[in-house]
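Chemist: The sequence and its predicted three-dimensional model are supplied below.
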Amino acid sequence: MSIVVFAEQRGGTLRKITYEVVSEGKRLAAAAGDSLKVLLAGSDVAGLAEELKKFGADEIAVANDAALADYTTDAYAAVLAAYIQQENPGLVLLGHSAIGKDLAPRVAARLDAGLVSDCIDVKFADGDYAFVHPIYAGKAIATYKVNSAVKMATLRPNVFPVEENAGAGSVVDFSTEIPAPRTKVLEVKQQGGDRPELTEADIICSGGRGLGNPDGFQLIEQLADILGAAVGSSRAAVDAGWRDHQFQVGQTGKVVSPNLYIACGISGAIQHLAGMGSSKCIIGINKDPEANIFNVADYGIEGDLYKVVPALIEKLKEVKG
């Protein structure tokens with residue numbers, strides 16, 4: 001048997017989540033005594049296979065086709081499904097990214113495979129896999145077993161460590177019939193500037209209704225820029241029209257797991273905690289001593305964020321010279 005990993009790339013660059021999923025795939029393959037195979041799909045992406053070799057894949061299949069230049073669900077689902085049917089693996093892993101969340105359920109439906117989404121751990125014992133997934137807005141953790149022959153899972157970003165494990169993996173070509181697209185990508189607009197993508201960022205600075213007005217996000221952006229961080233938002237700020245929905249963190253937004261999460265003017269509603277509760281370190285800044293964010297924060301600063309954050313920015317500038 002084998003484990004198959006879908007290598008996500010965008011614009012000819014491998015995504016951070018790819019390294020995490022391949023690393024976890026290698027760990028599980030070693031535990032199960034299986035081989036690790038990686039599918040890399042795109043246009044003119046063959047050069048990325050050498051980068052993937054650093055993480056211990058036994059085989060890297062490259063699907064190079066002009067029809068895969070832009071991500072479309074139909075094309076990528078057809079390629080991944082065909083590759084899984086050819087290899088007949090016991091386990092298929094993808095990142096729980098925008099692409100992974102779109103692609104995994106469609107492929108699972110085509111193959112009648114069981115799928116567990118947003119896993120924070122995968123275990124192998126007694127010849128079977130167990131998938132760990134948060135439920136009830138993160139208040140409980142459930143462990144699932146999948147009965148189908150092919151098991152699929154998407155892995156939460158920033159949870160699984162990246163480990164280089166260089167090997168002599170082979171690179172092979174893979175081709176299959178790609179259906180005529182029902183949709184056409186006319187233009188791709190990258191938003192967010194030079195800041196990291198929210199779901200992949202190591203540091204996130206988020207603002208909430210406690211900012212008082214949309215201009216308050218200029219202060220959050222200053223803090224994010226000096227830290228090299230992404231900017232997030234609570235649902236209350238999004239509902240008020242202060243921030244676009246793509247920046248929303250929470251149960252109805254994006255789930256993030258950065259090393260550091262700084263919540264400025266965010267009360268800490270359970271819906272927000274569901275999206276960032278797995279952060280490695282949480283700092284809450286709020287003038288309300290009863291704010292729920294302080295119940296989950298590793299460090300809490302009770303005070304006016306318009307005094308605290310500028311002081312923090314100045315100190316960071318001083319430390320950085």
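Modeler: Happy to help now that I have it.

Chemist: what residues are up against the residue minimising distance to the centre of the chain?
Modeler: The centroid of the chain falls nearest to P157 when counting by Cα atoms, centre = their mean (3.3 Å). Counting by Cβ atoms under 8 Å, 6 or more residues apart in numbering, P157 touches K16, I17, E20, G95, H96, S97, T199, E200, V256, S257. Any C-beta I mention is one placed from the backbone N, CA and C, and that applies to glycine too.

Chemist: what kind of secondary structure is the closest residue to the fourth one other than its chain neighbours in?
Modeler: Nearest residue to G95, sequence neighbours excluded (Cβ to Cβ, 6 or more residues apart in numbering): I17, at 3.4 Å. Assigned by DSSP: H, G, I helix; E, B strand; the rest coil, the conformation of I17 is helix.

Chemist: hang on, isn't I17 packed against K101?
Modeler: No - assessed by Cβ atoms under 8 Å, I17 is found out of contact with K101, at 11.3 Å.

Chemist: Looking at those two, which is more packed in?
Modeler: Taking neighbours as other Cβ atoms under 10 Å, I17 and K101 compare with I17 leading, 26 against 14.

Chemist: can you tell me how far the residue nearest to the centre of the chain sits from L198?
Modeler: 10 Å (Cβ to Cβ, to the nearest Å).

Chemist: again with G277
Modeler: If you go by Cβ to Cβ, the gap between G277 and L198 works out to 16 Å.

Chemist: Mind checking which of those two has more residues around it?
Modeler: Set side by side, G277 and L198 show more neighbours around L198, with 24 against 19, by other Cβ under 10 Å.

Chemist: For the spatially closest residue to the more buried one that is not a sequence neighbour, give me its contacts.
Modeler: Computed as Cβ to Cβ, 6+ apart, the closest residue to L198 that is not its neighbour in sequence is A230, at 4.8 Å. Residues near A230 by Cβ under 8 Å, 6+ apart: G192, R195, P196, E197, L198, A201, I203, I204, C205, A224, P258.

Chemist: those strands in the stretch 51-200 of the chain, which residues are they?
Modeler: 59-64, 91-95, 114-119, 121-125, 128-135, 140-144, 151-155, 170-173 (DSSP state E, counting those that start in this stretch).

Chemist: Y83: which of the ones you listed is closest?
Modeler: strand 59-64 (6.3 Å; Cβ to Cβ).

Chemist: Which strands or helices does the closest one pack on?
Modeler: Under the contact criterion of 3 or more Cβ pairs under 8 Å, 6 or more residues apart in numbering; DSSP states H and E, strand 59-64 touches strand 35-42, helix 48-52, helix 73-87, strand 170-173.

Chemist: Show me which of these has the highest average neighbour count.
Modeler: Across the helices and strands packed on strand 59-64, averaging neighbours per residue (mean count of other Cβ atoms under 10 Å) puts strand 35-42 on top, at a mean of 24.
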